[in-house]
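>>> Quick one, structure for this:
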Amino acid sequence: MKKRILIFIFSAIVVIVAAFLITPDEFATILTQQQVVRDEVKAAEARFWQKLDYEQAQCHLCVHYCIIPIGERGICRVRENRGGRLYSLMDGLLAATQIAPIEKDGMKYALLGT
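I've put the predicted structure just below:
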């Protein structure tokens with residue numbers, strides 16, 4: 001318990017010190033660079049969507065069924081309407097990874113010596 005409190009206090013001190021070291025102009029520059037990187041994301045035309053009137057698109061990938069106006073993103077922030085067509089911004093990116101042992105519990109005793 002004491003360790004968690006110390007870690008919290010240390011992280012709070014780091015955040016406060018960083019707030020005084022970074023000027024507002026530098027902070028704005030960092031945000032702008034992140035925006036540029038986000039806008040240059042490779043996008044591929046999405047599947048499971050329907051074109052609606054006024055260049056809107058309706059996503060059918062989840063239960064939200066977002067109606068996405070042109071130039072906007074859905075609730076998931078992963079699909080974007082560009083020119084009346086829906087694009088997936090996560091095409092080719094790793095979604096999840098897991099490190100698991102080759103031998104699961106109990107299986108290592110199934111065929112001993114082989």
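>>> domain parsing for this protein?
The domain map for the chain lists 1-31, 40-93, with the assignment taken from automatic domain parsing.
>>> so which of those gets nearest Ile99?
domain 40-93 (18.8 Å; CB to CB). The way it works is simple: take the backbone N, C-alpha and C, and place the C-beta from them, glycine included.
>>> what's the average pLDDT for the closest one?
Averaging pLDDT along domain 40-93 gives 89.
>>> now do stretch 5-18
pLDDT averaged over stretch 5-18 gives 68.
>>> all strands for this protein, in order.
Here the chain has its strands, by DSSP state E, at 44-45, 49-51, 57-59, 67-68, 79-82, 85-88.
>>> Any chance of JSON lines for the ones you listed, columns distance to Glu26 and mean neighbour count?
Converted to JSON lines, the strands of the chain look like this (distance: least, CB to CB, whole Å; neighbours: other CB atoms under 10 Å):
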{"stretch": "strand 44-45", "distance to Glu26": "34", "mean neighbour count": "11"}
{"stretch": "strand 49-51", "distance to Glu26": "40", "mean neighbour count": "15"}
{"stretch": "strand 57-59", "distance to Glu26": "37", "mean neighbour count": "21"}
{"stretch": "strand 67-68", "distance to Glu26": "34", "mean neighbour count": "16"}
{"stretch": "strand 79-82", "distance to Glu26": "29", "mean neighbour count": "21"}
{"stretch": "strand 85-88", "distance to Glu26": "32", "mean neighbour count": "20"}
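>>> picking that back up, deepest-packed of the domains of the chain, please.
domain 40-93 (a mean of 15; mean count of other CB atoms under 10 Å).
>>> returning to what we had before: tabulate the strands of the chain in a markdown table, adding columns for distance to Thr29.
Listed next are the strands of the chain as a markdown table, based on distance: least, CB to CB, whole Å:
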| stretch | distance to Thr29 |
| --- | --- |
| strand 44-45 | 30 |
| strand 49-51 | 36 |
| strand 57-59 | 34 |
| strand 67-68 | 30 |
| strand 79-82 | 25 |
| strand 85-88 | 28 |
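>>> who wins for proximity to Ile5 among those?
strand 79-82 (41.5 Å).
>>> got a list of contacts for that closest one?
For strand 79-82, the surrounding residues in contact (CB atoms under 8 Å, 6 or more residues apart in numbering) are 43, 46, 49, 55-57, 59, 61, 66, 68-74, 86-89.
>>> Many thanks, I have nothing further to ask.
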